[in-house]
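A.B. asks: Got a sequence here, can you model it:
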Amino acid sequence: MFWAFLHLSAQNFAPLGAKWTYQIGSGCCNNGREKDFVEWSVVQDTFIHQQNCRMLLKKGISIEGFPDTIFVYQDHQQVYYFDFYSHTFTLLYDFGKQKNESWKIQSGECELNVIVKDVSMVTINGQNLKRLEVTSDNSDYEGHIIEKIGYLKKPQPDFALYCYGLVSYLNYYEVLRCYEDTELGFYDFQIAPSCDYVKVNKEVATDLFFKLFPNPTQGNFTILLLHSPVEPTKIYIYNAFGQQLQEELLEYGNQKMISLNNLSDGIYLLQIETPRSKAFDKIILIR
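C.D. replies: Numbering: from 1, shown residues only. Predicted coordinates for the structure are as follows:
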């Protein structure tokens, strides 16, 4: 997650229009040779559980274990975000911490202990920003968190992996390529030739293109294939542990409504498969 504070109690980080561009890798089918990107943008102020917060939307491919919408707010030197697993806000960053101090990020009964290894200052576009070097119980959540920008690898901890053991063989966050807003300006971390750089293994292809709606869902959602299949299409639903929970068959037409009313709230992996192709996405169930 990405943002920081300006030493005020009002929400003044992540201004409207702020954008983070992350590099995405793929572990599926191509030995990690595929590189892509996703963008997160601040789109509006809103209320969640009577808390005034900012709404951020993702543009780009799906990342397993991560939502496509993020809600954040600031209170003094602390930044909170809405955890879809527990339906509550949890502390994400604490820029008041000093070296060897720590804070906890919680998701339901699971918690991640973040330890500050060092505190320093970094100058970006002429502004001096606080930088925390952190480590944690999860080796995947360590590195640097910069005031006004946030964690330089991903928008939030991978609780699907850390708490529930779901290992993604598909797409995953690698690093922050670029950040920009109206106050700090544009900054390129020089990770790739450009913020929107894409490298694809041309040998890997799929003819399965689809949409899911609504997502998040309160129980029922529809799969819409963006072409009419010439052969039966199977649909599988998996939980965070990789266990298959449902199997559906789309035999005719190009759309099917699926019910998740027998499942608990959470994030589920959806696999669509024909004899020749596979495609994946996630579905978020929130009642």
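A.B. asks: And for stretch 174-192, what's in contact with it?
C.D. replies: 2, 14-15, 17-25, 35, 37, 42, 124-125, 127, 148-149, 151-153, 195, 197 (CB atoms under 8 Å, 6 or more residues apart in numbering). Quick note: C-beta positions are derived from backbone N, CA and C, even for glycine.
A.B. asks: Any buried residues in stretch 99-110, and which?
C.D. replies: 103, 105-107 (16 or more other CB atoms under 10 Å).
A.B. asks: So which of those belong to strands?
C.D. replies: Counting by DSSP state E, the buried residues of stretch 99-110 place 103, 105-107 in strands.
A.B. asks: Need those in a markdown table (columns: pLDDT and distance to Gln78).
C.D. replies: Putting these into a markdown table (pLDDT from 0 to 100; distance: CB to CB, whole Å) gives the following:
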| residue | pLDDT | distance to Gln78 |
| --- | --- | --- |
| Trp103 | 96 | 8 |
| Ile105 | 94 | 11 |
| Gln106 | 91 | 13 |
| Ser107 | 88 | 17 |
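A.B. asks: Give me the residues contacting stretch 137-144.
C.D. replies: Under the contact criterion CB under 8 Å, 6+ apart, stretch 137-144 has outside partners 112-114, 131-136, 151-153, 157-158, 161-162.
A.B. asks: Kindly recompute the last result at 7 Å.
C.D. replies: Stretch 137-144 is touched from outside by 112-113, 131-136, 152-153, 157-158, 161-162, with contacts defined as CB atoms under 7 Å, 6 or more residues apart in numbering.
A.B. asks: Poorly predicted segments of the stretch 101-250 of the chain, please.
C.D. replies: Along the stretch 101-250 of the chain, segments meeting pLDDT under 70 span 164-170, 200-208, 227-230, 240-242.
A.B. asks: how about 90 then?
C.D. replies: 107-110, 137-141, 157-173, 192-194, 196-217, 223-234, 236, 238-244, 249-250 (pLDDT under 90).
A.B. asks: Would you map the helices across it?
C.D. replies: All helices of the stretch 101-250 of the chain, identified by DSSP state H, counting those that start in this stretch, fall at 159-162.
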